[in-house]
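In: Quick one, structure for this:
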Amino acid sequence: MDQKQAKRLHILFLPRWYPNRYDPMFGLFVQRHAEAVALKHSVSVVYVTESEAVTQKKYSIIQTEDKGVFNTTVYYQKSLLKPSFIAKVINLRRFVKANMAGIDLAKKKFGPFQLIHVHILTRLGLIAFWYKLKYSIPYIITEHWSRYLPLTNGFNGFWRKKATELVVRHASAITTVTKNLAEAMKNHGLNNPDYVVLPNVVDVKLFKIHSSKMNRPIRMVHISCFEDRSKNISGIIKALRLLSKERQDFECVFVGDGIDYHAIKNSSSDLESTGLVRFTGLLQDEKLVEVLSSSDFLVLFSNYENMPVVILEAFACGLPVVATRVGGIPEMVNEGKGLLVDTANEFQLVDALKKMLNSFKEYNAEQLRESVRSTNSYEAVSGFLNDIYLKSIK
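Out: Just a heads-up that it's a prediction; the model follows:
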């Protein structure tokens with residue numbers, strides 16, 4: 001075995017969110033991290049989720065291999081027994097059993113793994129902690145969840161907190177997608193000396209600057225999961241309605257799908273009929289890039305966020321951004337990259353949109369793209385995680 005082969009590790013990913021048969025976009029950022037790591041190491045992903053469709057057997061296992069990542073997805077039969085606490089115990093048991101089965105299959109593919117990379121706490125952190133106790137296998141944690149933020153106040157429960165404190169304390173490193181999230185976790189007593197901000201991955205070979213833009217109205221674009229409580233898409237609609245009273249030289253393209261899609265679309269019929277707004281539904285890959293890169297700027301009006309990957313994708317396409325100053329967004333968006341507004345302040349948003357409609361051409365598209373290419377490309381993130389892995393194993 002030569003030196004290059006000797007350094008190739010087997011990394012096990014245990015994500016709580018990951019693309020699956022029900023939602024191909026769910027946890028897509030985790031999948032991209034796995035693909036980045038696969039540039040240097042062997043990567044197995046074991047993803048477990050409940051399913052009411054699994055009826056004949058209690059488990060259904062799907063295995064795929066793509067872009068160097070070996071995926072094992074285990075769907076387990078969701079118990080609906082009453083009272084509900086009995087169903088919770090049964091489902092927890094099935095969740096753990098499914099993970100163990102998936103991990104065994106991953107070991108058969110690539111042999112023993114040298115490190116576990118947990119994405120999203122807490123149950124998977126406990127599994128990794130058990131492997132560390134029994135086999136001395138180190139683990140690191142990447143947290144994406146906004147539940148630790150004061151605004152969401154979703155980190156509750158005595159035993160959940162104690163278990164989370166345990167797995168965080170014994171992790172070799174904690175990576176978060178923003179400094180803001182790291183501070184929020186520390187404020188909950190989740191202490192570890194090795195907190196690191198991990199860049200999200202952007203496929204800079206896919207997301208590019210559009211070479212030419214046709215003669216058309218100024219185009220702003222919004223891309224999200226259409227969950228209004230967090231994304232506040234209805235607030236954007238209200239702002240556009242106010243803006244349309246002053247000028248109509250724009251269009252806003254809404255890309256995505258989710259629980260509030262139809263309600264928001266129906267409430268926008270007046271703007272849609274005049275051509276000021278347009279809804280595309282869910283778009284992926286080249287179709288998504290085509291809409292994003294052919295636009296003039298991105299608009300987000302979220303009530304809370306961590307690190308929206310779509311902002312980085314907009315930068316990769318050379319687009320400035322109008323967004324709220326929440327979560328990690330101020331860590332990404334500055335004067336040279338866009339405009340920030342307060343949450344739920346539709347009048348501020350209107351003013352920012354007017355300013356951006358007049359000035360979007362003044363932003364340097366090449367500089368916006370370079371800010372992403374140097375830190376968020378597959379190669380950059382692969383090297384970043386490789387350094388963390390080697391330090392953790394040592």
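In: strand partners of the helix or strand containing residue 221, parallel vs antiparallel please.
Out: Under the criterion of DSSP states H and E, residue 221 resides in strand 218-223. The pairing partners recorded for strand 218-223 under DSSP bridges are strand 250-255 (parallel), strand 297-299 (parallel).
In: Mean neighbour count added to these, as CSV?
Out: To be clear about C-beta, it is placed using only N, CA and C from the backbone, and glycine gets the same treatment. Shown next, in CSV, are the strands paired with strand 218-223 (neighbours: other Cβ atoms under 10 Å):
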stretch, mean neighbour count
strand 250-255, 21
strand 297-299, 24
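In: Beyond the strand holding residue 221, next helix or strand please.
Out: helix 228-231.
In: Remind me what that following helix packs against, helices and strands.
Out: Contact analysis of helix 228-231 by 3 or more Cβ pairs under 8 Å, 6 or more residues apart in numbering; DSSP states H and E lists no helix or strand as a packing neighbour.
In: buried ones in it?
Out: 228, 230, 231 (16 or more other Cβ atoms under 10 Å).
In: quick check: mean pLDDT across that helix?
Out: Averaging pLDDT along helix 228-231 yields 94.
In: same deal with stretch 284-304?
Out: 94.
In: Next, the buried residues of that stretch.
Out: By 16+ other Cβ under 10 Å, the buried positions in stretch 284-304 come out as 288-289, 291-304.
In: try stretch 98-112
Out: Quick answer for stretch 98-112 (16+ other Cβ under 10 Å): 98, 99, 101, 102, 103, 106, 110.
In: one step back: can the strands paired with strand 218-223 go into CSV with extra columns for distance to residue 74?
Out: Shown next, in CSV, are these (distance: least, Cβ to Cβ, whole Å):
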stretch, distance to residue 74
strand 250-255, 31
strand 297-299, 36
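In: Next one: the residue lying closest to residue 255 once chain neighbours are set aside from residue 308, what distance?
Out: Nearest residue to residue 255, sequence neighbours excluded (Cβ to Cβ, 6 or more residues apart in numbering): residue 223, at 4.5 Å. Residue 223 sits 9 Å away from residue 308, going by Cβ to Cβ, to the nearest Å.
In: pLDDT on the helix or strand hosting residue 105, on average?
Out: Using DSSP H and E, residue 105 sits in helix 84-110. Computed over helix 84-110, the mean pLDDT rounds to 92.
In: downstream neighbour of it in the secondary structure list?
Out: Sequence order places strand 115-119 as the next helix or strand after helix 84-110, per DSSP H and E.
In: and that following strand, which strands flank it?
Out: Applying DSSP bridges, strand 115-119 is found paired with strand 10-15 (parallel), strand 139-143 (parallel).
In: Those strands: which one's closest to residue 261?
Out: Of all the strands paired with strand 115-119, strand 10-15 sits nearest to residue 261, with 25.2 Å by Cβ to Cβ.
In: Identify all contacting residues around that closest one.
Out: 27, 30, 33-34, 37, 41-47, 99, 103, 106, 110-120, 124, 127-128, 389 (Cβ atoms under 8 Å, 6 or more residues apart in numbering).
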